[in-house]
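1. Give me coordinates for this.
(6 chains)
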Number of protein chains: 6
Amino acid sequence: MPTFSPTGSVRAVPPTRNLSELRGPDIASAIGSDSIMVQPLGAIEQHGPHLPFNTDLLIAERVATDAVSRVGRELDVWLLPPLAYTKSNEHAWAPGTIWLSATTLLAVLDDIGRCIAETRARKLVFFNGHGGNSALVGVANREIRLAHGLMTFLTHPGVPADQGGSSPESELGMGIHGGTDETSIMLHLAPELVDMDAATRNVPEHLADNRYVRFGGRVGFGWLSNDFGATGHIGDPTAATPERGAELYEGAVAAFCEALAEVRAFEFQP
Amino acid sequence: MPTFSPTGSVRAVPPTRNLSELRGPDIASAIGSDSIMVQPLGAIEQHGPHLPFNTDLLIAERVATDAVSRVGRELDVWLLPPLAYTKSNEHAWAPGTIWLSATTLLAVLDDIGRCIAETRARKLVFFNGHGGNSALVGVANREIRLAHGLMTFLTHPGVPADQGGSSPESELGMGIHGGTDETSIMLHLAPELVDMDAATRNVPEHLADNRYVRFGGRVGFGWLSNDFGATGHIGDPTAATPERGAELYEGAVAAFCEALAEVRAFEFQP
Amino acid sequence: MPTFSPTGSVRAVPPTRNLSELRGPDIASAIGSDSIMVQPLGAIEQHGPHLPFNTDLLIAERVATDAVSRVGRELDVWLLPPLAYTKSNEHAWAPGTIWLSATTLLAVLDDIGRCIAETRARKLVFFNGHGGNSALVGVANREIRLAHGLMTFLTHPGVPADQGGSSPESELGMGIHGGTDETSIMLHLAPELVDMDAATRNVPEHLADNRYVRFGGRVGFGWLSNDFGATGHIGDPTAATPERGAELYEGAVAAFCEALAEVRAFEFQP
Amino acid sequence: MPTFSPTGSVRAVPPTRNLSELRGPDIASAIGSDSIMVQPLGAIEQHGPHLPFNTDLLIAERVATDAVSRVGRELDVWLLPPLAYTKSNEHAWAPGTIWLSATTLLAVLDDIGRCIAETRARKLVFFNGHGGNSALVGVANREIRLAHGLMTFLTHPGVPADQGGSSPESELGMGIHGGTDETSIMLHLAPELVDMDAATRNVPEHLADNRYVRFGGRVGFGWLSNDFGATGHIGDPTAATPERGAELYEGAVAAFCEALAEVRAFEFQP
Amino acid sequence: MPTFSPTGSVRAVPPTRNLSELRGPDIASAIGSDSIMVQPLGAIEQHGPHLPFNTDLLIAERVATDAVSRVGRELDVWLLPPLAYTKSNEHAWAPGTIWLSATTLLAVLDDIGRCIAETRARKLVFFNGHGGNSALVGVANREIRLAHGLMTFLTHPGVPADQGGSSPESELGMGIHGGTDETSIMLHLAPELVDMDAATRNVPEHLADNRYVRFGGRVGFGWLSNDFGATGHIGDPTAATPERGAELYEGAVAAFCEALAEVRAFEFQP
Amino acid sequence: MPTFSPTGSVRAVPPTRNLSELRGPDIASAIGSDSIMVQPLGAIEQHGPHLPFNTDLLIAERVATDAVSRVGRELDVWLLPPLAYTKSNEHAWAPGTIWLSATTLLAVLDDIGRCIAETRARKLVFFNGHGGNSALVGVANREIRLAHGLMTFLTHPGVPADQGGSSPESELGMGIHGGTDETSIMLHLAPELVDMDAATRNVPEHLADNRYVRFGGRVGFGWLSNDFGATGHIGDPTAATPERGAELYEGAVAAFCEALAEVRAFEFQP
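-> Numbering: from 1, shown residues only, chains lettered A, B, ... in the order given. Next comes the predicted model:
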């Protein structure tokens, strides 16, 4: 993909969709007003006794990478290096969890937005593997839009069960963290990191009787993962299978590809 | 309701459900581990040419006051004075909007949580009239739970249309701000502040074609209210009626009463 | 009061002096370079065993409302919704007190100044019912003038006894908090919230012997309200009467009206 | 003054009243619960065309040093090194002014309080040569008392004219900055730094007609020193004389000595 | 490596040296008081026209991974996921650079330290690929030691040329950024990302005449990478070879392995 | 040195090299684009049982004053008042140490840079007597350069032993704090403040065996001064002599004079 540098000489932009693999002058050639930046957000946080700390990071990074490799060239999408550490303070009680405070993460996201706004790109997509980040990234998206003028987006590998997404029946809609779906995807992506022998069902069933105060209900509530028991996960990983994981994973990649196409076409006032 | 003070003398707690109308020593008598604090959140922000800046404040305060007057004594609910100013930076472009920055509001909410935790109350409910606050209060609820140990809740007079709530058909699900429902409630509560002559339908119809990038869709996005046109509202206020408003209002009060009953019964591990 | 909008059409600005009851486009019509914004500051803080937590809020709000209703139209004064929570950390020891930290309140005041500066108004008056805020608002007034260019003012319903104001003889000049005058005003405004049976005289008499280190003396000092005893008030509420309160209240309203006239005429270099 | 170290050996504490001239283990010997710490606060800010930038620093440091040398041993007072830079943002327009922001200075003062609280001393006196600091130090004094438990005090070489102090008649009470008194003291202390040829009278006479909005009046206001003209001072330095300066200086030292005696005796509940 | 869980059951800790691949309960088994945490620090910043933005990230991550795979089990070393974004504000002028502000990065590092201190590990090593971070990490290391009690360390793949390291003669000791050595390592690790055709020598030769003000000299100075020309690198990449890179790389891995052995043995007071 | 004021009159700039002794309008006359500002940085921190808390302040101030008095006029150098309090948190354990937090000091330095940038001067030199500040000032120098456009420099009275400087053999290169050299200089400058009877050798000899983890080694580490024993100093003050001190002091003044000459000539791209 030869392009012309400002000095007129032909410059070969490397055949990559990773922004960080470009070289300084490539930015002027490669990044334009239609370019879309994708910032994966992971987490290093306890996921119960059966899943590794890097579950959210691994899923977000893998889905994002696959999606960008499928549609990146066509839609002019660029992948940024993932944030491994985000806001996981619901797991602050669990050693091994490494989390940024809310104000730290807000500052990090603002810094990223400020820098992307220095390029010609106008669109920044946070691809968030950790549901605990959603509210804060929602805040940041408006902050960045106002402060730096970017169009900002937030989406997930799958809609979190407490944010409108579905969850298998055995979980009563509460596959919030380390449940059937997340465990299934991990069995598909990295079975060697999953310990199904340690998997147990942990569902706060009494919440299902509530009409208002429930996950995704009309009354939200602040919770910590040990509020619901000592294992740290919420959901039913025992029902997980790699087949289900493969299906969910493929759905996530496909959905993100479609979403990116919409992001590409998106204008506030077309 | 005579109670006994620590010194043994009988002390009359005033017959109020407003915490701020108590006197110093009343706290020890009146506030216990079952008490629920309700903090209304309003906003002073432009609501289009037809609604006043204090729309969200007025609705939140009125619904909260009515609900607490209905069930406050029974459920041991206490009303706090409303926050008029919150995070309305999507309307920063509109003179007359008075808004706190995200970090300021986070600090304010944390200060409130810190103070409530000095009483014996364990439950704090944010009753939020401004959808633009929801993400940030969601963040704060976890911060307060972790830092101050309270059980924290967030609910609204009505579920915002971009947060899972419904919206009349003429709005294509986009009665986000100053639309049919909000205008109807204002026609019911304070018709003298509504200028129906100035009401126009302003719906970004092209968003309805999107599967992902839409209000309440799988891809969230950061927006400012002038991204969708100069009038500053999003929705169809022309369809508003006081009758609809009365119905919505009564529904909001009733729903909040029911929600408070669930909050009262709520325990993480009953 | 019909005014002309920028587009030339006649637009009726509502007959209110509450800024927050205006609608978006009214700002351009109603607020001009002579407009004065009045921001009442209250407090929710213990006021001894005889007065309610909202004493400062109630007094500031009532005086400000009455004054603006008298002279608002003539002097082009606009009332903002009061801040209920301010800096009451001298009462941090008393459950039920809800206070913002110094840095939070500085941020809140700066946010307000920033927003008012978006209108055409040039003058912002903080009407402060809580003496414990005075120093911080003094700081903020300069910050806002420098950062946002507004002319900023600070005044009180009555001059606080430790800031140059008078105090009945029985208080030895120390009617700082919940004393004769404040209690009298409350007996006038809201007698149902006052418990005169619980009122006791609490005056740190030994301070009267000091020449320097005394309230309002040449040597200021940092104090907490429980430094002077467990009741939390400083002064002599037993001498309070509703008649005295009525007189003080009327004096406060009248003085604020006169002060607003001077604010209206004020220019740094006329 | 031989004292015993924890190890039992006799240790000679140096005959100094400057805390910073002690050596590490001296603290345990020399500083006790009756010790008073004096922190001078200066400023480096324009003082009009006739006075140097370090006017406030020089006066505060000299008065404090003289007072401590007179009564330090008797009253157990210790002098800290002065802060040259404080909050002078009213002179931000004038190159050569070096000022800390309000939040920076609050942090500096809190850091000082935190450190003094690590010693056995319980009393910290800010001796403030710059009236523009008074409000902020007033805030800090309460912050430090609450956070670190110290008793905190604030006083000045002379009561500032806008904070209740007097000012010669020719200044109409407005010798705020670089006026008769301050210039006189400088003629006494450092005549070589004063340029009387450049001294002019600069008094905003129209403020004298105000009943409320005036320096030290019932309505405070935020001002910058160039709000009142380009010279940057406010007052009448032309009336200054070294004799008046000598008298004022001696009065300042004497008053601070007396004030320190009261500080020494001060207890909240003796 | 079977270990015993607190409940006595045998639990297999996965054969990984990546902390984030462990599962929640593994922490108690796997991390002890001798464990060493290694946090790689990269950067996404312009590296001249010949090297990619991720140069520092790639080198730090590769060296750290290789070293830990060699000695991790023996020395009980655990690898953390790298920070891609750090403090690169010397390249703020160059679009594509993504950098955290100094205060943001300080907060991130403190957050990491706080979390590691929740495990039983006592030692945290920052392995820093970006010389521009060294000063700030030096600050953080003391902050973390004081606030969280960890022993903290900082080292680099190679000693930066401006921090005491050597640099080839053709660079006059100024191979600061994108010079011979860094380019050589990249030719070894990722030649496909290097564009040697774009490599030019850019050495500010006049600095070599200075005795004090020079890179690594007795007088440090604040610089931005475009202070020395528009290309953004400082050094002589034209002299780079993959052979040199291989040698430097192997030296870096070996040195880090040796350094980790010393870290393992390190005690302040053995 | 008569200069012309903007109004055309001749104005005598005082014969001082202390910026703070100038008067407001002198800045325009005296400070130009070649002017160099020197900001001494001291510390008030324990220096072992033999040296006073103000050791770093005294040395930095004295060397800076002497150097500026020698070359200030020739090189157009201006001395600023020293910062007594800086970042001494490695001595936080020792009462009497007064230190600013890292974020406070960063803010102070930024404030200074912001203010100097309001003059025509382009060069700011931090002359740092406390090695514990070096890393943070290194950070600040880049911050100030980027934010305020100044050329910023950092140097010391002597190169600290852990930052590349030498240290007598008896200290094994570890005369970090209160060792032979620092004590010698104090014996030269202020022998009355030194207690040689209390001087003991305190050298963590085991560090000398390390190849990497040692003061100034390839692996830096965060340390507190009590990590190496209870006395608080690190080095061998018993070898100190006033003669050595005189020689070191003179060397420091001479070196700073030479360094200032280089700073004067310094341009990024001459």
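2. Is any residue of stretch A:33-50 near chain B?
-> No - Stretch A:33-50 is not in contact with chain B by Cβ under 8 Å from any Cβ of the partner chain; minimum separation 11.8 Å. Backbone N, C-alpha and C define where each C-beta goes, glycine included.
3. Off-centre distance for that stretch?
-> 4 Å (Cα atoms, centre = their mean, to the nearest Å).
4. again with stretch A:225-237
-> Taking Cα atoms, centre = their mean, one finds stretch A:225-237 lying 21 Å from the centre of the chain it belongs to.
5. That one: end-to-end distance?
-> Start-to-end span of stretch A:225-237 (Cα to Cα, to the nearest Å) is 16 Å.
6. buried residues in it?
-> Across stretch A:225-237, burial judged by 16 or more other Cβ atoms under 10 Å in any protein chain shown covers A:225-229, A:231-237.
7. of those, closest to B:D66?
-> Nearest to B:D66, judged by Cβ to Cβ, of the buried residues of stretch A:225-237 is A:D227 at 31.3 Å.
8. when you check chain B, which of the buried residues of stretch A:225-237 turn up near it?
-> Counting by Cβ under 8 Å from any Cβ, A:227-229 from the buried residues of stretch A:225-237 sit close to chain B.
9. Just put those in a markdown table and tack on distance to B:E243, secondary structure and pLDDT.
-> Formatted as a markdown table, those follow (distance: Cβ to Cβ, whole Å; DSSP: H, G, I helix; E, B strand; the rest coil; pLDDT from 0 to 100):
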| residue | distance to B:E243 | secondary structure | pLDDT |
| --- | --- | --- | --- |
| A:D227 | 43 | helix | 97 |
| A:F228 | 44 | helix | 95 |
| A:G229 | 48 | coil | 94 |
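10. now those in JSON lines, with distance to A:R73?
-> Compiled in JSON lines, those are given as follows (distance: Cβ to Cβ, whole Å):
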{"residue": "A:D227", "distance to A:R73": "46"}
{"residue": "A:F228", "distance to A:R73": "44"}
{"residue": "A:G229", "distance to A:R73": "47"}
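11. any idea which of the residues you listed is closest to E:V139?
-> The closest of those to E:V139 turns out to be A:D227 (Cβ to Cβ; 36.5 Å).
12. Show the contacting residues for the closest residue to the closest one other than its chain neighbours.
-> What sits nearest to A:D227 in space, not counting adjacent residues and going by Cβ to Cβ, 6 or more residues apart in numbering or on different chains, is B:F268, at 4.0 Å. Residues in contact with B:F268 (Cβ atoms under 8 Å, 6 or more residues apart in numbering or on different chains) are A:204, A:223, A:227-228, B:151.
13. what residues does the stretch 51-200 of chain A put near chain B?
-> Among all residues of the stretch 51-200 of chain A, those adjacent to chain B (criterion: Cβ under 8 Å from any Cβ) are A:87, A:89-90, A:92, A:102-103, A:106, A:125, A:132, A:134-136, A:138-146, A:150-156, A:159, A:164.
14. are any of those residues buried, and which?
-> In these, burial by neighbour count holds for A:87, A:89-90, A:92, A:102-103, A:106, A:125, A:132, A:134-136, A:138-146, A:150-156, A:159, counting by 16+ other Cβ under 10 Å.
15. quick one: the residue nearest to A:L189 when sequence neighbours are not counted and chain B, what's the gap?
-> Using Cβ to Cβ, 6+ apart and skipping the chain neighbours, the partner closest in space to A:L189 is A:R62 (5.9 Å). A:R62 is 19 Å from chain B, where distance means Cβ to the nearest Cβ, to the nearest Å.
16. got a pLDDT number for A:R62?
-> Per-residue confidence (pLDDT) for A:R62: 98.
17. and it, that's in a strand?
-> No - looking at A:R62 with DSSP: H, G, I helix; E, B strand; the rest coil, it is helix, so not inside a strand.
18. count of neighbours near A:L75?
-> Applying the criterion other Cβ atoms under 10 Å in any protein chain shown, we find 19 residues in the vicinity of A:L75.
19. So what pairs up with A:L154 in the strands?
-> Beta bridges link A:L154 to A:F126, B:G220, judged by DSSP bridges.
20. I figured it hits A:N141, correct?
-> Yes - with contact defined as Cβ atoms under 8 Å, A:L154 and A:N141 form a contacting pair (5.8 Å).
21. Now do the shared contacts for those two.
-> Joint contacts of A:L154 and A:N141 (Cβ under 8 Å, 6+ apart) are A:126, B:220-221.
22. Looking at those, spot the one nearest chain F.
-> A:F126 (26.7 Å; Cβ to the nearest Cβ).
23. That closest one: neighbour count?
-> Neighbourhood size, A:F126 [other Cβ under 10 Å]: 29.
24. Report the contact partners of it.
-> Taking Cβ under 8 Å, 6+ apart as the criterion, A:F126 is in contact with A:39, A:41, A:109, A:137, A:140-141, A:152-155.
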